[in-house]
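*Asks:* fold the stuff below for me.
(3 chains)
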Amino acid sequence: MNNSNHLKLSVSQLCCERGSRTLFDGLNFQVNDGEAMIIQGSNGVGKTSLLRIIIGLSLAVKGEVCWNDQEIHSINEEFQKQLLYIGHSAAVKTELTVRENLQLLLRFWPNDKVNIVELAEIIGLRKRLSVPCSRLSAGQLRRVSLARLFISTQKLWILDEPLTALDINFIGLIEQRLQDHLKQGGLAILTTHRGIDLDQQKVIVLEI
Amino acid sequence: MMQFIHKYGSPRYFYQWSAPWQFWLTVLSVILLAVGTYWGLVIAPPDYQMGDSYRILYIHAPSAWMSMFAYMVMAFSGIIALVWRIKVAEVVIGQCAIIGGSFTALALITGMLWGKPMWGAYWVWDARLTSELVLLFLYMGVLALYSAFEDPRTGAKAAAILSIVGVINIPIIHYSVEWWNTLHQGPTVTKLDKPSAHISMLIPLLIMFVGFKTYFFALLFARVRNGILFREKNASWVKEVLELKS
Amino acid sequence: MHLFLSVLNRDLMLAIRRRRELANPLVFFIIIVSLFPLGVSPDKELLREIAPGVIWVTALLAMLMSMDTMFRSDYDDGSLEQLLLLPGPKIFLIGAKITAHWLSIGLPLVILAPVMALLLYFPSHAIVTLMITLLISTPILSLLGAVGVALTLSLRSGGILSSLLILPFYIPVLIFSTMAINAAADNLPVSGYYSLLGAFLIISVLLIPFAVVAALRVSYN
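*Replies:* This next block holds a predicted model:
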């Protein structure tokens, strides 16, 4: 972990439209390493749209998103190597077993330090490793997708409602993991309806 | 280049500079179409083989030609819309699809009417008619895609990609159909280099070609201007324009 | 290349799990071909005459039917966006998904077609040509189909619309393939058709993945 290397994500003059409706315009903010930003706002304000623009999946009408002062689309590969995104949907294949899903995660985002059994232990699904994910509950599915956080070597975490459907114990675990990530010089941007316990936090409230 | 495109492509500026173009193109197309129609239907001599029935050519050939041309314009504005994200180009795609599709339908109908005296049947699987039919399918696809999305900008971008893929495919489709039907008549335009067609028949045809082309652009300008007003209906300049008119 | 192989591996693993669902287009192919003798006539000469067209049009429809499986479930459960965010050229990702689709639908069709051709009294010496045309052309169908599916991904009733968009593009493949088969049945040379189809395949492989990536970007906007 190289802490001397400053990381930052900055957003300038961002504008997003859906149909003829403007969701937000002239949005500016910056997140530095060790900082988390929590985006709040009522439904339909454009939280998910904003996250999708930040990860480069959607294009903004105006404005730009920069990673270390470089526009993200111009450093696509470099940016994506540092990016961990967990969206609304679990991105878990229900046809496959828990083990196979975790294997896929490790294949696409390799991390030598963790093996499948340990990972399953962390997310509390060790006994269900060979169960097809179609038989898991919503909360358990969410845990499988959040396993990404425990193998992550990426610096920038973008999480869309990561705490939905989780029980209290696991929420505590995620908060702890987030805390560690920030301490190690990571950045996080997340949306959440419920509060989240973090030591240092900067809250931006999106308003229409 | 970028600045030029962005300047002329901004909805507001486009609305301003296109007004005189729309007016003069309309005037020109009315004159040309009137002269061409009169010349073609009345002055030009009847064909020694086909009699008077060939005169439908004066509608059929230009509309077939414009059906292709409109597709090229559509794909070209598709590229502009995707690369530079110009709103006006997005509107052009949809309007081109409607106008081009109508020209294609017109070419098909006149072709069928011509086919009755020529081949004794309204429909013959001749290469040119078949190509035109496929082109109609392509237009219908672009239109369906364009209007399938709630957000018109998304629809326009999707239609742009489809029309660009289409424009690469059209020559392949065209040649495959021609090959499939080697018994076709040969495209009408090539008659221009043949001395067999009489010059008095060709002049009105050329006038009709130019007339159709100016008509296409006049119609395109009118429809695009209208489309822009509709799309930008919340913008302040549109409200000003509409207040001035009413 | 690593990206290509990982995604290919993943999609094939999923295809094996979904084999029942994937078998449906093949069953559809078998049933539709056998409906023709019932609907037209069991006359040997007539069936032999229409066999190339029947098999090809039916294969085309079977391919279209299965097109939705290429991106739909990955789009719905959010894994497609995860794949698109993987570092590395996106065309390898798309290429892998299209290859997996072809291996799970196109290839079985190529193997199944000769059996159906025999049901239509198709001359056995032309069956090799039938298989070769299918072998070259079904990848083109997968590639073109991917554009249609990618464009209509965010629409609720995208399946039928994507078929409408893509079918006209299938015409050259249909024409060249059936002409080749007919030529083979008449003992005429067919290598010219193979070259044309091959050229079409190469152009499609080189260009279409870019169109698919662009289409997916639009679907996610």
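*Asks:* when you work out contacts or count neighbours from here on, use the C-alpha atoms and nothing else.
*Replies:* Will do.
*Asks:* where in the chain is pLDDT low?
*Replies:* By default, I'm working from chain A. For chain A, the stretches with pLDDT under 70 are A:1-5, A:199-208.
*Asks:* other chain: chain B
*Replies:* Residues of chain B that meet the cut-off, pLDDT under 70, sit at B:182-197, B:246.
*Asks:* now do the helices in chain C.
*Replies:* C:2-17, C:19-39, C:44-66, C:72-76, C:79-84, C:90-101, C:107-119, C:127-151, C:158-185, C:191-219 (DSSP state H).
*Asks:* so which other helices or strands are in contact with the second one?
*Replies:* With contacts taken as 3 or more CA pairs under 8 Å, 6 or more residues apart in numbering or on different chains; DSSP states H and E, helix C:19-39 sits against helix C:44-66, helix C:107-119.
*Asks:* quick one: the helices of chain C as CSV, columns for mean pLDDT too.
*Replies:* Shown next, in CSV, are those (pLDDT from 0 to 100):
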stretch, mean pLDDT
helix C:2-17, 94
helix C:19-39, 92
helix C:44-66, 92
helix C:72-76, 92
helix C:79-84, 94
helix C:90-101, 95
helix C:107-119, 93
helix C:127-151, 95
helix C:158-185, 91
helix C:191-219, 94
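*Asks:* surely B:Ile79 meets B:Ala159?
*Replies:* No: using CA atoms under 8 Å, B:Ile79 makes no contact with B:Ala159, being 10.7 Å away.
*Asks:* circling back: which one of the helices of chain C lies nearest to B:Asp47?
*Replies:* The closest of the helices of chain C to B:Asp47 is helix C:158-185. By CA to CA, the value is 35.6 Å.
*Asks:* for chain B, what are the nearby residues on chain C?
*Replies:* Taking CA under 8 Å from any CA of the partner chain as the measure of proximity, chain C contacts chain B at C:151-152, C:155, C:161, C:164-165, C:168-169, C:171-172, C:175-176, C:179, C:211, C:214-215, C:218-219, C:221.
*Asks:* contact partners for the residue of chain B found nearest chain A?
*Replies:* Closest to chain A within chain B is B:Asp151: 4.4 Å, counting by CA to the nearest CA. By CA atoms under 8 Å, 6 or more residues apart in numbering or on different chains, the contact set of B:Asp151 is A:Arg18, A:Gly19, A:Ser20.
*Asks:* close to chain B: what parts of chain A are there?
*Replies:* Counting by CA under 8 Å from any CA, chain A sits next to chain B at A:Arg18, A:Gly19, A:Ser20.
*Asks:* make CSV from these and add secondary structure to it.
*Replies:* Formatted as CSV, the residues of chain A next to chain B follow (DSSP: H, G, I helix; E, B strand; the rest coil):
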residue, secondary structure
A:Arg18, strand
A:Gly19, coil
A:Ser20, coil
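*Asks:* filter the residues you listed down to the buried ones.
*Replies:* A:Arg18 (16 or more other CA atoms under 10 Å in any protein chain shown).
*Asks:* ok, so of the residues of chain A next to chain B, who is nearest chain B?
*Replies:* Of all those, chain B sits closest to A:Gly19, with 4.4 Å by CA to the nearest CA.
*Asks:* now that closest one, nearest residue through space, not along the chain?
*Replies:* Nearest-residue entry for A:Gly19: B:Asp151, 4.4 Å, with adjacent residues in sequence omitted and distances by CA to CA, 6 or more residues apart in numbering or on different chains.
*Asks:* what's the burial count for the residue of chain B found nearest chain C?
*Replies:* Distances between chain B and chain C by CA to the nearest CA are smallest at B:Gly141, namely 4.8 Å. Neighbour count for B:Gly141, taken as other CA atoms under 10 Å in any protein chain shown: 23.
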